[in-house]
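**Q** output the structure for:
(chains A, B, C and D)
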Number of protein chains: 2
Amino acid sequence: MRAKTPEPGSLLDQLAAKGFRLTSQRKVLVETIQQASKHLDAATLLSLARKREPLINRATVYRTLELLKKLQLIDELDLMHLEGEKHFYEIRTDRQHVHLACCRCGAIAEFDSGTFDRLKREISEQTGFEIQVARLEVGGRCRACSGAARSPPAGR
Amino acid sequence: MRAKTPEPGSLLDQLAAKGFRLTSQRKVLVETIQQASKHLDAATLLSLARKREPLINRATVYRTLELLKKLQLIDELDLMHLEGEKHFYEIRTDRQHVHLACCRCGAIAEFDSGTFDRLKREISEQTGFEIQVARLEVGGRCRACSGAARSPPAGR
DNA sequence: GACTTAATGCAACTGAGTCGCAGTAAAGGC
DNA sequence: GCCTTTACTGCGACTCAGTTGCATTAAGTC
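**A** Reported below is the predicted structural model:
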């Protein structure tokens, strides 16, 4: 069984189609992002990727993220800077969603809404702005933490 | 003429009402933010503030911004990281707005829409999330740059 | 298999933001 | 107006995410 040709339409396939080399590092990084159960920051991505490709370098991670971002294959998130200034990444899907960051427990929820799409359409139509990325992040308290009003907090 | 008591309802007044000291540094910083014609980052705020209070320190700027942010008197923006990782600040107003960042010319436009408010209400109602800050940032091309398709770019 | 050059590893660097501590000056009481 | 308390500031060293220049390596092509 040969694993040379990536799945048609996959991120790796799209990279190859645009003439970028499919290095072992890029494969590992892309697959790690795809398999992640939550949003990864650069440092976490690096350490996860190193489990498969131990010699992979930090600079390569940043350069790969930069590339995927430029090609709009991934989205960069701040998640309201709840844990420092690092950025988080997720595979871009058709439907963009809102990120809800609870500043008490640190939970990140996602919210998908037609109103968000409508708002984006409204922006383009009314201002002539050609939208490439739209990032809506909300900070506050999730339902659980909102109920548990003044108990000891967990996040910063 | 005495300038001791700040305008009722002003940022300085709100600080004083909450028991925070009105130091000369805080006054200068708050006034500088209020008088700014555009969004300021910490370094720019510092250099502007130094024109009036030459010995003001960088740490004080960060601590003051932190305080104003915590009290929800200002909002922190990323402006899509068009010029590095720094943050920008603006006085919080009743009506929150969308920031449109042109990745070609670097222009920042603001967009005010009832749909944004509706979306926020929808989020709270459907998820039980108690919203404290909502930041919607859009990256792409402003009308002018969108028209001038492939001319030499200005920003990064 | 050899060639070309895109991509990587390395290591030093940048720049925003933080922190502990000693000194200073607001606010309140007299 | 002066004194006291302590919140706040300045300082300087530090942290940590992200960047860069350059020598080396390996993906894609012939």
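
**Q** elements contacting the top strand by length along chain A?
**A** Longest strand in chain A by number of residues (criterion: DSSP state E): strand A:130-141. With contacts taken as 3 or more C-beta pairs under 8 Å, 6 or more residues apart in numbering or on different chains; DSSP states H and E, strand A:130-141 sits against strand A:74-77, strand A:98-102, helix A:114-127, helix B:114-127, strand B:130-141. Backbone N, C-alpha and C define where each C-beta goes, glycine included.

**Q** so where do the helices sit in chain A?
**A** A:11-17, A:24-35, A:42-50, A:58-70, A:114-127, A:143-147 (DSSP state H).

**Q** turn those into a markdown table, including distance to DNA strand D.
**A** Formatted as a markdown table, the helices of chain A follow (distance: least, C-beta to the nearest atom of the strand, whole Å):
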| stretch | distance to DNA strand D |
| --- | --- |
| helix A:11-17 | 6 |
| helix A:24-35 | 5 |
| helix A:42-50 | 4 |
| helix A:58-70 | 4 |
| helix A:114-127 | 25 |
| helix A:143-147 | 25 |
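
**Q** save the ones you listed as CSV, and put in mean pLDDT and mean neighbour count too.
**A** Converted to CSV, the helices of chain A look like this (pLDDT from 0 to 100; neighbours: other C-beta atoms under 10 Å in any protein chain shown):
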stretch, mean pLDDT, mean neighbour count
helix A:11-17, 93, 17
helix A:24-35, 97, 18
helix A:42-50, 98, 17
helix A:58-70, 98, 16
helix A:114-127, 96, 16
helix A:143-147, 91, 15
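
**Q** between these, which one is closest to A:H87.
**A** When those are compared for distance to A:H87 using C-beta to C-beta, the nearest one is helix A:42-50, at 7.0 Å.

**Q** how about that closest one, does it get close to DNA strand C?
**A** No: using C-beta under 7 Å from any atom of the strand, helix A:42-50 stays clear of DNA strand C, coming no nearer than 9.4 Å.

**Q** same check on stretch A:58-65?
**A** Yes: Stretch A:58-65 lies within reach of DNA strand C by C-beta under 7 Å from any atom of the strand, at A:R58, A:A59, A:T60, A:R63, A:T64.

**Q** can you name the residues of chain A sitting close to DNA strand C?
**A** Contacts of chain A with DNA strand C, taken as C-beta under 7 Å from any atom of the strand, map to A:20-21, A:23, A:25-26, A:53, A:55-60, A:63-64, A:85.

**Q** from B:H97, how far out is A:T93?
**A** Counting by C-beta to C-beta, to the nearest Å, the gap from A:T93 to B:H97 is 26 Å.

**Q** which one of those two has more residues nearby?
**A** More crowded of A:T93 and B:H97, by other C-beta atoms under 10 Å in any protein chain shown: B:H97, with 15 against 9.

**Q** report the contact partners of the more buried one.
**A** B:E110, B:F111, B:D112, B:S113, B:F116 (C-beta atoms under 8 Å, 6 or more residues apart in numbering or on different chains).

**Q** need the pLDDT of it.
**A** B:H97 is assigned 93 on the pLDDT scale.

**Q** now do A:E83
**A** 89.

**Q** against B:F111, how distant is the nearest residue to A:R26 once chain neighbours are set aside?
**A** Counting by C-beta to C-beta, 6 or more residues apart in numbering or on different chains, A:T64 is the residue found nearest to A:R26 once chain neighbours are left out, at 5.8 Å. Applying C-beta to C-beta, the value for A:T64 to B:F111 is 33 Å.

**Q** how about A:V28?
**A** The gap separating A:V28 from B:F111 is 40 Å, by C-beta to C-beta.

**Q** list phi and psi for the residue nearest to A:L67 when sequence neighbours are not counted.
**A** Leaving aside its chain neighbours, A:L67 sits nearest to A:F20 (7.1 Å; criterion: C-beta to C-beta, 6+ apart). Phi and psi for A:F20, reported as degrees, to the nearest 10, are phi -90, psi 150.

**Q** touching, A:F20 and A:T64? I think so.
**A** No: if you go by C-beta atoms under 8 Å, A:F20 and A:T64 don't touch, sitting 9.9 Å apart.
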